[in-house]
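# Dropping the sequence and predicted coords here.
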Amino acid sequence: MKIRRILSLMLRHLYLIKASFPRIIDLIYWPTVQIILWGFVSKFFTMHSTYFNNTAGIILTAAILYDFLFRSSISYNMLFLEEIWSRNLINLFVSPLKISEIIVALTCTALIRTLIGLVPAVLIAIPLFGISLIDLGLPLMLLLLSLYLFGITLGLLVTAGLVRFGPSFENIAWASLFFIAPLGCIYYPVEILPNWLQVVALALPLAHIFEETRSILITNTVNYVNIYNALMLNLVYLSIALLTFYRSFKTAKIKGSLINVGE
Amino acid sequence: MNKLNINNLQKKFGSFEAVKKISFSIAENQTVALLGPNGCGKTTTIAMILGLITPTSGSISINNQMLKQDHHYLSKMNFASPYVELPKKLTVLENLNVYAMMYEVPDTKNRIEQLVEELNLAPILNKKTGELSSGQRNRVSLAKSIINNPEILLLDEPTASLDPDTGDFIRTFLENYKKKNSMATLLASHNMDEVSRLSDYVLMMKEGSIIDEGTALNLISKHGKENLEQVFLKLVRQNEN
């Protein structure tokens, strides 16, 4: 793996962001609106629900964390779609860039895109709603890492679909996160789900991440088992996603579909 | 010495055989043209050399070394086609910077300055690539394709849809570039004048096979025709009537 080649692909996307003010606004606008909306919902629940009483910020914190996941996954997909839309994919595939380098470059750039969008929204939440993510303390970093890994995993799976099936897979890219959101137990405890669905939900890292977030905010205690489970599950899913990506790339080369991805 | 050797290269898509065990080679500083009607297997052949399509059988070697997938020779090869574009929202300079880094070009600044001068890119250097005319875009694409001083250059219809003046500029540039740089070139084109002018050897393809080959002049005299276009039409229409 060569750093210079990875940086070249990152530079290509940073040039793109830098060149367009509306693009930067678009990155910031949606997370901000999302957080303001959930901020008011959160405020309302805090005032009118015994469950949320004295636990201000549970919903808003969950909304911010979910948005972090959403943005990282969508950013990953967007970066690949940008290459398809600009009909530049072939130039990348015939260059010395290795698949692993493309993955690393997209992963790093997706993080930058996500932070550009989310940091202003998180900062707005502090004076507006008195909620700071920092309240989660040190475990916040581990929760964010877990969410980011899962976002990248989803991004990789969707990108594998784009490589294999072409731009017609684009709709799946947008819908991918909504499919699993109900099982992520983002705004409610996992016990709310029917028993059989709880089993499915607990097989995903999201349920563990958001259970732990609530636990820290409500009881002020950290259960590292949840964090460990989430990270381990993430490693399993990430491995599957990487294998799927490499496999779809190999299949696309055999079927000849790689040269039509940008069509 | 042969730079590129293609040996019994075959590609099947299900029961359809797109390329039928073709063999050819390109020597250092030689330009070989692939001529043939649409769908005859030219693009599939180029895509296999570039590693975009996995061959069903056969081998590709560069400098007598057999290529594997994701081969390191990609850093010594390059490709241009009007059907593959550079990112439109990036300026010409940004695109050249990105690809110079991607190909790990030493002394990037000097190399870009050299290309800017040779391909007359100075007036459009800070323009977005998407705002350029097709002729200007073609020059930028050509600059990208030689940014790494490739040992093997693959060109797929490099002057398609260009006006005669721009087409001539590109051909003249390629002629001069070849004189100054040792490079094996594979050119796929439908433009017979271009093939006659740029290529040292011509491979005529039809339905996935090489049906004839030789220098443009040899082919013209062998088939008793006045130019390469007539040879092309004769060979393509053979067995059709």
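Nice, I can see it. Numbering: from 1, shown residues only, chains lettered A, B, ... in the order given.
# Excluding covalently adjacent residues, which one is nearest to B:Val105?
By the measure of Cβ to Cβ, 6 or more residues apart in numbering or on different chains, the closest residue to B:Val105 outside its immediate chain neighbours is B:Arg111, 5.2 Å from it. C-beta here means a position set from N, CA and C on the backbone, and glycine is covered the same way.
# residues touching the one you found, list them.
Neighbouring residues of B:Arg111 by Cβ atoms under 8 Å, 6 or more residues apart in numbering or on different chains: B:Ala100, B:Val105, B:Ile147.
# Report the mean per-residue pLDDT for stretch A:233-243.
In this model, stretch A:233-243 has an average pLDDT of 97.
# Who does B:Ala184 form a beta bridge with?
In this structure, B:Ala184 has the following beta-bridge partners (DSSP bridges): B:Ile152.
# Redo the contacts of B:Arg111 as JSON lines? Include secondary structure and pLDDT.
Shown next, in JSON lines, are the contacts of B:Arg111 (DSSP: H, G, I helix; E, B strand; the rest coil; pLDDT from 0 to 100):
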{"residue": "B:Ala100", "secondary structure": "helix", "pLDDT": "97"}
{"residue": "B:Val105", "secondary structure": "coil", "pLDDT": "96"}
{"residue": "B:Ile147", "secondary structure": "coil", "pLDDT": "97"}
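# Could you identify the buried members of those?
Of the members of the contacts of B:Arg111, the ones counted as buried by neighbours, 16 or more other Cβ atoms under 10 Å in any protein chain shown, are B:Ala100, B:Val105, B:Ile147.
# Okay, the first one and chain A: tell me how far apart.
Read that as B:Ala100. Plainly put, B:Ala100 is 8 Å away from chain A if you go by Cβ to the nearest Cβ, to the nearest Å.
# wait, doesn't that residue sit right on B:Ile112?
Yes - proximity of B:Ala100 to B:Ile112 meets the contact threshold set by Cβ atoms under 8 Å, at 6.2 Å.
# what do those two both touch?
Shared contacts of B:Ala100 and B:Ile112 (Cβ under 8 Å, 6+ apart): B:Ile147.
# Quick check: the residue of the stretch 101-250 of chain A nearest chain B.
Among the residues of the stretch 101-250 of chain A, A:Lys250 lies nearest to chain B; the distance is 7.6 Å by Cβ to the nearest Cβ.
# Pull the contacting residues for the residue nearest to that residue when sequence neighbours are not counted.
For A:Lys250, the nearest residue in space outside its immediate sequence neighbours is B:Thr54; the separation is 7.6 Å by Cβ to Cβ, 6+ apart. With contacts taken as Cβ under 8 Å, 6+ apart, B:Thr54 has the following neighbours: A:Lys250, A:Lys253, A:Ile254, B:Met48, B:Gln69.
# Show the backbone phi and psi for B:Thr54.
The main-chain torsion angles of B:Thr54 are listed as degrees, to the nearest 10 and equal phi -80, psi 120.
# per-residue confidence at it?
As predicted, B:Thr54 sits at a pLDDT of 94.
# I'd like to know which helix or strand in the chain has the lowest mean pLDDT.
In the absence of a named chain, this looks at chain A. With mean pLDDT, DSSP states H and E as the measure, the helix or strand of chain A carrying the lowest mean pLDDT is helix A:170-180 (a mean of 76).
# could you do chain B instead?
With mean pLDDT, DSSP H and E as the measure, the helix or strand of chain B carrying the lowest mean pLDDT is strand B:65-66 (a mean of 84).
# Give me the sheet partners of the helix or strand that comes right after that one and which way each runs.
Along the chain past strand B:65-66, the next helix or strand (assigned with DSSP states H and E) turns out to be strand B:77-80. Partner strands and pairing direction for strand B:77-80 (DSSP bridges) are strand B:152-156 (parallel).
# hmm, who's touching the strand it pairs with?
Strand B:152-156 is touched from outside by B:3-4, B:26, B:42-43, B:46, B:49-50, B:62, B:73, B:76-83, B:145-146, B:174, B:183-189, with contacts defined as Cβ under 8 Å, 6+ apart.
# Give me the PyMOL select line for those, limited to the buried ones.
Selecting the buried subset of the contacts of strand B:152-156 in PyMOL, with 16+ other Cβ under 10 Å as the burial test, is done by:
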select buried, chain B and resi 3+4+26+42+43+46+49+50+62+73+76+77+78+79+80+81+82+145+146+174+183+184+185+186+187+188+189
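# what's the distance between the helix or strand encompassing the residue of the stretch 101-250 of chain A closest to chain B and the middle of its chain?
Using DSSP H and E, the element containing A:Lys250 is helix A:224-255. Distance of helix A:224-255 from its chain centroid, counting by Cα atoms, centre = their mean, to the nearest Å, is 14 Å.
# same check, this time on stretch B:195-212
Its chain's average C-alpha position is 13 Å from that of stretch B:195-212, according to Cα atoms, centre = their mean.
# which bits of the stretch 101-250 of chain A sit near chain B?
Where the stretch 101-250 of chain A comes near chain B, counting by Cβ under 8 Å from any Cβ of the partner chain, the residues are A:Lys250.
# nearest residue to B:Lys20 other than its sequence neighbours?
Setting aside the residues directly before and after it, B:Lys20 is nearest to B:Gly208 in space (Cβ to Cβ, 6+ apart), at 4.1 Å.
# do the same with B:Leu93
Distances taken as Cβ to Cβ, 6+ apart put B:Leu125 closest to B:Leu93, at 4.9 Å, once the chain neighbours are dropped.
# where does that neighbour fall, phi/psi-wise?
The phi and psi torsions at B:Leu125 (degrees, to the nearest 10) take the values phi -60, psi -40.
# Any stretches of the stretch 1-150 of chain A with poor pLDDT?
In the predicted model of the stretch 1-150 of chain A, residues A:50-56 satisfy pLDDT under 70.
# State the helix or strand in which the residue of it found nearest chain B lies.
Distance from chain B to each residue of the stretch 1-150 of chain A (Cβ to the nearest Cβ) is smallest for A:Ser8, at 3.5 Å. Element membership of A:Ser8 [criterion: DSSP H and E] is helix A:3-19.
# quick one: contacts of that helix?
Counting contacts by Cβ under 8 Å, 6+ apart, the residues touching helix A:3-19 from outside are A:23-24, A:27, A:79, A:82, A:92, A:95-98, A:101-102, A:104-106, A:108-109, A:112-113, A:116, B:87, B:89-91, B:94, B:97-99, B:101-102, B:104, B:128.
# Tell me the buried residues within those residues.
Buried residues within the contacts of helix A:3-19, counting neighbours by 16+ other Cβ under 10 Å: A:27, A:79, A:82, A:92, A:95-98, A:101-102, A:104-106, A:109, A:113, A:116, B:87, B:89-91, B:94, B:97-99, B:101-102, B:128.
# Spit out the contact partners of the residue nearest to B:Lys20.
When contacts are counted by Cβ under 8 Å, 6+ apart, B:Gly208 is found next to B:Glu17, B:Ala18, B:Val19, B:Lys20, B:Ile22, B:Cys40, B:Gly41.
# and which of those residues is nearest to A:Ile172?
Of all those, the one with the least separation from A:Ile172 (Cβ to Cβ) is B:Ala18, at 29.2 Å.
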